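Novice: model the structure of this input:
(chains A and B)
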There are 2 protein chains.
Amino acid sequence: MDEIKYRPIGVIHSPFKEPKGTPIQPAAAKGIRGTVEICPEYAKGLKDIDGFSHLILIYHFHLSRGASLEAKPYMDNEVRGIFAMRGPSRPNPIGLSVVRLIKRERLTLHIQDVDIVDGTPLLDIKPYVPEFDMREVVKIGWLEKRVHKLPAAKDDGRFTRHKAK
Amino acid sequence: MDEIKYRPIGVIHSPFKEPKGTPIQPAAAKGIRGTVEICPEYAKGLKDIDGFSHLILIYHFHLSRGASLEAKPYMDNEVRGIFAMRGPSRPNPIGLSVVRLIKRERLTLHIQDVDIVDGTPLLDIKPYVPEFDMREVVKIGWLEKRVHKLPAAKDDGRFTRHKAK
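Specialist: This is a model prediction of the structure:
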């Protein structure tokens, strides 16, 4: 199949001005506030969104410096397949975070638990629904012994185009 | 920002040959089996994936007949904003499903709880991790009174390019 083309529907704003130091998952970003600014032409699509306490944001990792099929995740010392981890250096650099919706003000969504770099282009918003999105999970692979490190885990800049100063 | 271009990394196969009749969420597709065929050039990215019992599939709704900012969801009688529902007629027609991974055989992932139309182009795979993806949800908006209808809910073809015969 040919190329698939998308266009940002808005921009995500957060206190994280560069990848280095950004929490690597919303669970590690507890309490951090940010906003989503939706482009005016998509305003109608936001109807009813404030009924949901949590949203799935799907966005473009715009600072990803290109795909690696294998990489060393932040929380591990071994090289893992990219589809077995969540980092940004993916063949299609699509990011996904579940955030809390605090309130909507016209084109602005005030969100919490934000692990996303300021200026990230937003591709889609979906309502988070436990019946669709929660599962009784049996195995979490290599993360089993690592996931307890999460609250302290921050991006060290390894996957991004611009080296930290 | 300009157009964002992605390329499919594989194809999803399922028993659902057209949108009509396809369950509308994995929760409604319990037990349904399918496969993901990954393009050979991405094989290395699958390393370690079989350690995870559940995967997030991100895919392109290739049969979506274009964006509507408001639509009547399958489970409701009122028009809702597209970002407050999960249907395919989105500005960027990106789909997301959590599926169970049964086993991997080289480039083939055998999956279960599949609510995806056969032939759907796959964009990304992420491991499903409760610490990242599960939330204590407070509100699910208009779905509150509707979500109990889910196990029976199937696509009636309203969002797709080709009308059912």
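Novice: alpha carbons of the longest strand along chain A, as CSV, please.
Specialist: Using DSSP state E to define each element, chain A has its longest strand at strand A:94-105. The C-alpha trace of strand A:94-105 is given here as CSV (Å, rounded to 0.1, in the frame of the first residue of the first chain):
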residue,chain,number,x,y,z
ILE,A,94,3.2,7.6,16.4
GLY,A,95,2.8,8.3,20.1
LEU,A,96,0.0,7.4,22.4
SER,A,97,-0.8,8.7,25.9
VAL,A,98,-3.8,8.4,28.2
VAL,A,99,-4.3,11.8,29.9
ARG,A,100,-6.9,13.2,32.3
LEU,A,101,-9.2,15.9,30.9
ILE,A,102,-9.7,18.7,33.5
LYS,A,103,-11.9,21.0,31.4
ARG,A,104,-12.6,22.3,28.0
GLU,A,105,-12.5,26.0,27.1
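Novice: lowest-pLDDT helix or strand in chain A?
Specialist: helix A:130-133 (a mean of 86; mean pLDDT, DSSP states H and E).
Novice: the residue lying closest to residue A:147 once chain neighbours are set aside: neighbour count?
Specialist: Nearest non-adjacent residue to residue A:147, counting by CB to CB, 6 or more residues apart in numbering or on different chains: residue B:131, 5.1 Å away. (Each C-beta comes from the backbone N, C-alpha and C, glycine too.) Residues lying near residue B:131 (other CB atoms under 10 Å in any protein chain shown) number 16.
Novice: so residue B:131 makes contact with residue A:25?
Specialist: Yes: with contact defined as CB atoms under 8 Å, residue B:131 reaches residue A:25; the gap is 7.2 Å.
Novice: all strands for chain A, in order.
Specialist: A:4-6, A:10-13, A:33-38, A:54-60, A:70-71, A:80-81, A:94-105, A:108-112, A:120-127.
Novice: quick check: mean pLDDT of the fourth one?
Specialist: pLDDT averaged over strand A:54-60 equals 97, rounded to a whole number.
Novice: what lines up beside that strand in the sheet?
Specialist: Within its sheet, strand A:54-60 is paired with strand A:94-105 (antiparallel), strand A:120-127 (antiparallel), according to DSSP bridges.
Novice: will you turn those into a markdown table that also has mean pLDDT and mean neighbour count?
Specialist: What follows is the strands paired with strand A:54-60, written out as a markdown table (pLDDT from 0 to 100; neighbours: other CB atoms under 10 Å in any protein chain shown):
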| stretch | mean pLDDT | mean neighbour count |
| --- | --- | --- |
| strand A:94-105 | 96 | 19 |
| strand A:120-127 | 97 | 25 |
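Novice: could you export those as a markdown table, including distance to residue B:49?
Specialist: Below are the strands paired with strand A:54-60 laid out as a markdown table (distance: least, CB to CB, whole Å):
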| stretch | distance to residue B:49 |
| --- | --- |
| strand A:94-105 | 17 |
| strand A:120-127 | 23 |
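Novice: picking up where we left off before, any chance of JSON lines for the strands of chain A, columns distance to residue B:137?
Specialist: Below are these laid out as JSON lines (distance: least, CB to CB, whole Å):
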{"stretch": "strand A:4-6", "distance to residue B:137": "27"}
{"stretch": "strand A:10-13", "distance to residue B:137": "21"}
{"stretch": "strand A:33-38", "distance to residue B:137": "19"}
{"stretch": "strand A:54-60", "distance to residue B:137": "5"}
{"stretch": "strand A:70-71", "distance to residue B:137": "32"}
{"stretch": "strand A:80-81", "distance to residue B:137": "30"}
{"stretch": "strand A:94-105", "distance to residue B:137": "9"}
{"stretch": "strand A:108-112", "distance to residue B:137": "14"}
{"stretch": "strand A:120-127", "distance to residue B:137": "10"}
